[in-house]
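Okay, structure incoming, though there's no sequence with it:
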C-alpha cells in the first residue's frame, strides 16, 4: 500500500501526468482493486493515448467482467501497436469466448 499511497500523491500533485495515473492503476490492479484501476487507466489513456495504457485498461476491464468494453479497448491497443502480443492474445480469446456464447445461445433460443 506504500506504493499506492506514494503514487496517489503524485496524481494529486501532477494531475496532467499520464505516467502517474498509469502507475497508480497498475498498483491498484495488482492489489486486486481492478474496478478502481479502470478509472485511472482511462485518465492515463486520455492524457497520453499510448497503446500500453489501452492494453492495461483492456486487461483491467476483463478482470472486472466488462468483456464488451475490454474487447473495444483491446482492439484500439492492437490497432495502435501490433506488437502488443499479450493484448492480441487476450483479444482473440475474448472474441472467441464471446462468439461461443452467442452460438450456444442461438442454438438454444434462436438467432439474436
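Okay, I see it. Remember, predicted model here, so these are calculated numbers, not experimental data.

hey, let's count contacts and neighbours off CA atoms from now on
Fine.

list the helices and strands the longest helix seen in the chain packs on?
Using DSSP state H to define each element, the chain has its longest helix at helix 85-109. Using 3 or more Cα pairs under 8 Å, 6 or more residues apart in numbering; DSSP states H and E, the elements in contact with helix 85-109 are helix 51-63, helix 67-80.

got the angle for the shortest one vs helix 67-80?
In terms of direction (axes from the mean of the first three to the mean of the last three Cα atoms, to 10 degrees), helix 51-63 departs from helix 67-80 by 160 degrees.

so how far is helix 51-63 off the chain centroid?
Remark: helix 51-63 is offset 2 Å from the chain centroid, using Cα atoms, centre = their mean, to the nearest Å.

Mean neighbour count and mean pLDDT added to the helices and strands packed on helix 85-109, as a markdown table?
Output for the helices and strands packed on helix 85-109, formatted as a markdown table (neighbours: other Cα atoms under 10 Å; pLDDT from 0 to 100):
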| stretch | mean neighbour count | mean pLDDT |
| --- | --- | --- |
| helix 51-63 | 25 | 95 |
| helix 67-80 | 20 | 95 |
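
got these as TSV, with distance to residue 98 columns?
Formatted as TSV, the helices and strands packed on helix 85-109 follow (distance: least, Cα to Cα, whole Å):
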stretch	distance to residue 98
helix 51-63	12
helix 67-80	8
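
Looking at these, which is nearest to residue 24?
In terms of Cα to Cα, the element of the helices and strands packed on helix 85-109 nearest to residue 24 is helix 51-63, at 11.8 Å.

Can you name every helix or strand that the closest one contacts?
Using 3+ Cα pairs under 8 Å, 6+ apart: helix 51-63 touches helix 18-30, helix 34-47, helix 67-80, helix 85-109.

how much does the first one deviate in direction from helix 34-47?
In terms of direction (the same axes, to 10 degrees), helix 18-30 departs from helix 34-47 by 160 degrees.
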